[in-house]
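Student: I need the structure of the sequence given here:
(chains A and B)
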Amino acid sequence: MLPWLIKRLLMLVPVFLAVSVVIFSILHFIPGDPIDNLLKIGSSPEARAEMEVRYGLDKPLAVQYSIWLGNVVQGDLGTAIVARRPVADLIAQALPHSLRLGGLALLFSTVVGVLLGVVAALNRDRWPDRAIMGGVLVGSTMPSFWLGLILILVFSVSLGWFPVSGARGWQSLVLPVLTIGLGGTALVARITRVSMIEAAGRDFVTLLHAKGLSPLRIQLGHVLRHALIPVVTILALRIGWILGGAVTVEVVFARPGLGTLLIKSLSQHDYPVVQACLLMLAMAVMLGTLLGDIMQALMDPRVRAALS
Amino acid sequence: MTALLDLQSVSVSIGKVALLDGISLSVARGQILGLVGESGSGKSLTAMAAMGLLPLFGGRVTQGSVRFDGQDMAAMTEAERRKLRGRRIGFVTQNPMTALDPVQRIGEQVDVVSRLHLGLDRKAARERTLDLLTQLRIPEAAAVAEAWPHQLSGGMKQRIVIAMALAGEPDLIIADEPTTALDVTVQAQIIQILGNLVREKGVALMLITHDMGVVAQVCDRVAVLYAGRLAEEGAVAPIFAAPAHPYTSALIGCIPQEAMAKGALRGIPGAVPSALAFPAGCRFHPRCDRASDLCRKTVPTTGPRGDGRVACHHPGALA
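Tutor: Residues are numbered from 1 along each chain as shown, chains lettered A, B, ... in the order given. Okay, the predicted model is just below:
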């Protein structure tokens, strides 16, 4: 499996390069630039030109890109033009908040989603199944920014259980985690249910029954084990998605984090910061995909055999 | 000889569809019963009914009784039935390629039976497993026990499935087309293994097959199913000498060697009817060259013939 892993890691390099080109060019095609935010209204064109030279914005795009990429590869994310601080500092401040939020949301959707999916599958076509799947349908169709507002309205404004916004104490994490996690919970519950039902119909399950094993042991020890393979893969793929999805939720709950940093920098055209944030999210997606593949290999000996 | 497994006019439905209609058959210790018929005739369903596993497929026994060692299975609790499965009734599935859990090591899948039913600890169960694998002439049993299912050939997997069936020291083995998915050379080995078990350990074997050649080779008795009904049942030798039911003789006509000797290998024209639209009267009449108006209208009753039974309006004469 080791040669496969090395090959798989090497394959990330071209993906990384392609992503970096896209991130860099999209940003520079947006009208406006960070200088507008720095200059006083009515400044002379000379002052503007001087600024452009200082931040290297006078050079052709391709040159700007290669300078940026060269620095990034060496671990230097540059200095924020508007915020005037090293980008690495800004990220280091924001990232733990986002990771905590995303991690807890992922944990929540995994535990609750698998649990709901198992209960639904074991009670297939009876009322617990219908109730769970109905709730899941509602949960999966609600946009997270709207769900966040509703949760704030009910639990913060009306009931006063949790703070409306901010990032102080665990109480402030509950509603944002729910907001991000509920959509994932719905997805995980559905996949768990479907793959459990699918796995329960396989031939080897009939034989397990014929061996005299109890239905619960068959369901939890064998069927669920199989059903979790696609679930884990999907969850790993969602790691990047959840960090990205946290963007709107962080804004709704006015929490510090990668999303808030990204939105703020975007409105200021603070190129180095935006580029670094997007790069982080893209890396999270790439690493999530890799993690998904690794998990699948760990859980299924057939996949391992195919890889070596 | 008292019957170990005894089905008395068992009818089975899945949902509202009646699939088995009044099947009676029995197997005794030390005996091999061949259960034959084309796909869709209800052989596998009969096996599931015998193990009390119909609910897995949404099915149930609507009439008649299934008795194991004198006990009515319908009167048992599910826990009691579960103690029969794997312990007193061993099951060998049709397709060994899909019969094993692909993400569990071979040894553990065999161990679980003796741990569950014989109360052996992990170590003793593994010893028993290795012993069984060796008995089934699996080379390097210890290595095979540590292997994953995908690393074994079909024939090897079927031996593992047989080992699982034997692990609980069963009195009855139900083998559902155990050789259909295997190479011809392996087929003979598997049939031989099963046959030896009956001779050496005195277990009862219900061998489900669509191959009359296999029946002639190893079975003591044969029950022929057609479209959910019993067509004919009896000792193998007299039935092969002079089949009473036209469907039985048609099946015998499908054995390559037998047919070659007589000059023509024949298939049976037509197909088994769908359970949603069984024909009236004798269900075989649309494919039968002896069919009369009586066959088209009236269901034939099952009557004695020799030491067996037949359900036909125009049975062939005894030899």
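Student: any weak-confidence spans in the stretch 151-300 of chain A?
Tutor: Scanning the stretch 151-300 of chain A with the threshold set as pLDDT under 70 gives A:167.
Student: cool, the stretch 1-150 of chain B as well?
Tutor: B:1.
Student: Could you count how many residues lie near the single nearest residue of it relative to chain A?
Tutor: Per Cβ to the nearest Cβ, B:G86 is where the stretch 1-150 of chain B lies closest to chain A, at 3.2 Å. For the C-beta atoms, the positions are set from N, CA and C on the backbone; glycine is no exception. Residue neighbour count, defined by other Cβ atoms under 10 Å in any protein chain shown, stands at 27 for B:G86.
Student: Please give the element, helix or strand, for the residue lying closest to it once chain neighbours are set aside.
Tutor: Spatial nearest neighbour of B:G86, chain neighbours left out: A:G212 (3.2 Å); criterion: Cβ to Cβ, 6 or more residues apart in numbering or on different chains. Here A:G212, judged by DSSP states H and E, is contained in no helix and no strand.
Student: Ok, the one 5 residues further on next?
Tutor: Taking DSSP H and E as the definition, A:R217 sits inside helix A:215-218.
Student: For that helix, list the C-alpha coordinates in CSV.
Tutor: Extracted C-alpha coordinates of helix A:215-218, given in CSV (Å, rounded to 0.1, in the frame of the first residue of the first chain):
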residue,chain,number,x,y,z
PRO,A,215,-30.4,-10.5,13.9
LEU,A,216,-29.0,-7.7,16.0
ARG,A,217,-25.5,-9.1,15.9
ILE,A,218,-25.8,-9.6,12.1
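Student: I'd like the distance between the residue nearest to B:G86 and B:V198.
Tutor: Distance of A:G212 to B:V198, given as Cβ to Cβ, to the nearest Å: 22 Å.
Student: ditto for B:Q192
Tutor: 11 Å.
Student: neighbour count winner among these two?
Tutor: The neighbour comparison of B:Q192 against B:V198 (other Cβ under 10 Å) goes to B:V198, with 20 against 12.
Student: mind listing what that one touches?
Tutor: The contact partners of B:V198, by Cβ atoms under 8 Å, 6 or more residues apart in numbering or on different chains, come to B:30-32, B:204-205.
Student: name the element it belongs to?
Tutor: Using DSSP H and E, B:V198 sits within helix B:184-201.
Student: Helix B:184-201 and the helix or strand just after that helix, what's the angle between them?
Tutor: Next helix or strand after helix B:184-201 toward the C-terminus (DSSP H and E): strand B:204-209. If you take axes from the mean of the first three to the mean of the last three Cα atoms, to 10 degrees, strand B:204-209 sits at 160 degrees to helix B:184-201.
Student: May I have strand B:204-209 as PDB, with CA atoms only?
Tutor: Backbone C-alpha positions of strand B:204-209 (Å, rounded to 0.1, in the frame of the first residue of the first chain) are rendered in PDB as follows:
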ATOM      1  CA  ALA B 204     -29.200 -36.200   6.800                       C
ATOM      2  CA  LEU B 205     -28.600 -34.300   3.600                       C
ATOM      3  CA  MET B 206     -31.100 -32.400   1.600                       C
ATOM      4  CA  LEU B 207     -29.400 -31.700  -1.700                       C
ATOM      5  CA  ILE B 208     -31.100 -29.100  -3.900                       C
ATOM      6  CA  THR B 209     -30.000 -29.300  -7.500                       C
END
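Student: who's the residue at minimal distance from the centre of chain B bridged to?
Tutor: For chain B, B:I208 is the residue whose C-alpha lies nearest the centre (Cα atoms, centre = their mean; 2.6 Å). Beta-bridge pairing for B:I208 (DSSP bridges): B:L35, B:D176.
Student: isn't it right up against B:S44?
Tutor: Yes: with contact defined as Cβ atoms under 8 Å, B:I208 counts as touching B:S44 (6.7 Å).
Student: surely B:V203 meets B:L197?
Tutor: Yes: look at B:V203 against B:L197 with Cβ under 8 Å: they come within range, at 5.7 Å.
Student: For these two, list the residues in contact with both.
Tutor: B:I173.
Student: Buried residues of stretch A:81-100, list them for me.
Tutor: A:81-83, A:87, A:90-91, A:94-95, A:97-98, A:100 (16 or more other Cβ atoms under 10 Å in any protein chain shown).
Student: Could I get the residues you listed in TSV, plus columns for distance to chain B and secondary structure?
Tutor: Shown next, in TSV, are the buried residues of stretch A:81-100 (distance: Cβ to the nearest Cβ, whole Å; DSSP: H, G, I helix; E, B strand; the rest coil):
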residue	distance to chain B	secondary structure
A:I81	53	coil
A:V82	53	coil
A:A83	51	coil
A:V87	45	helix
A:L90	45	helix
A:I91	40	helix
A:A94	40	helix
A:L95	36	helix
A:H97	38	helix
A:S98	35	helix
A:R100	33	helix
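Student: Alright, I will stop here.
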